[in-house]
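Asks: I'll drop the sequence and a predicted model, then ask my questions.
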Amino acid sequence: MRALGVVSASAALALSAAGTAAACSISDFSAEAKCVGDKGVITVTDVDPLGVPATVTVFLENNGADVKKIGEKVVKGSREGTTITFEEDWKPNAEYRIHVKADKYVDADIKPNLTTPATACQKQDEGEEESPSPEPTPSETASAPAEESGSPAPSEPESSAPAGTADNVPSPAVGESHLAETGANSNTGLIAGIAGALVLIGGGAVFFGMRRKGAGSGDR
């Protein structure tokens, strides 16, 4: 019976120690320096499956001494991991001490201390030269003043006659319009008739003259 009691006590102590170790330990915590855009941050992740609340404090170190307290936050871990973020525009190769305190389970620093990367977070405008603006083409240059002035283009003069002019002119009669088209109302017909009469008279005079000359020759 005494041996059985000793074994039971030893098992209880072992189970208690195992439960304490599984509940929360410093090995459940990890830290990392990251960049979010052009800003630096420090993240701490807790993978405690029981979710024991823990207070995390971050200090900036210099030659083994705390220079500045960056911040303090409470985290409740999970099996998948719970991450908290401290905004810190860290410098390259800077050193930070992260202390974790969780009730009676943890009161220690994450080892080793966190050392930031050798390259700082890049600014968005660093290393990027502004591209020169393209020069306007001749057509764009020529059209620019017209577009900027905003004045409308000059309109073409109207070719139509003033209003009322057509209405004031009397319309010709039907007969007169036909005569104008054929030319009967002009002197062209009269001149043609006189010319024809003169041609006939001249032709007749020549004809009679030739007959008389022929008759005179026969009498001789």
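Replies: On my side now, so go ahead. Residues are numbered from 1 along each chain as shown.
Asks: From residue 199, how far out is residue 193?
Replies: Computed as Cβ to Cβ, to the nearest Å, the residue 193 to residue 199 distance reads 11 Å. Where C-beta positions appear, they are placed from N, C-alpha and C, glycine not excepted.
Asks: per-residue confidence averaged over the longest helix along the chain?
Replies: Counting by DSSP state H, the longest helix found in the chain is helix 188-219. Mean pLDDT, helix 188-219: 74.
Asks: and if you look at stretch 55-71?
Replies: Here the average pLDDT along stretch 55-71 is 96.
Asks: go on, stretch 99-109?
Replies: If you average the pLDDT values across stretch 99-109, you get 95.
Asks: again, but for stretch 75-85
Replies: Here the average pLDDT along stretch 75-85 is 96.
Asks: Can you check the distance spanned by that stretch, start to finish?
Replies: From its first residue to its last, stretch 75-85 covers 10 Å (Cα to Cα, to the nearest Å).
Asks: List the buried residues in it.
Replies: By neighbour count on 16 or more other Cβ atoms under 10 Å, the buried set for stretch 75-85 is 75, 77, 82, 84.
Asks: contacting residues around that stretch?
Replies: With Cβ atoms under 8 Å, 6 or more residues apart in numbering as the test, stretch 75-85 has contacts from 24, 28, 41-54, 56, 73.
Asks: re earlier: which of the buried residues of stretch 75-85 sit farthest apart?
Replies: Distance extremes for the buried residues of stretch 75-85: the farthest pair is 77 and 84 at 10.3 Å, using Cβ to Cβ.
Asks: List the buried residues for stretch 26-33?
Replies: Buried-residue list, stretch 26-33, by 16+ other Cβ under 10 Å: 26, 28-29, 31, 33.
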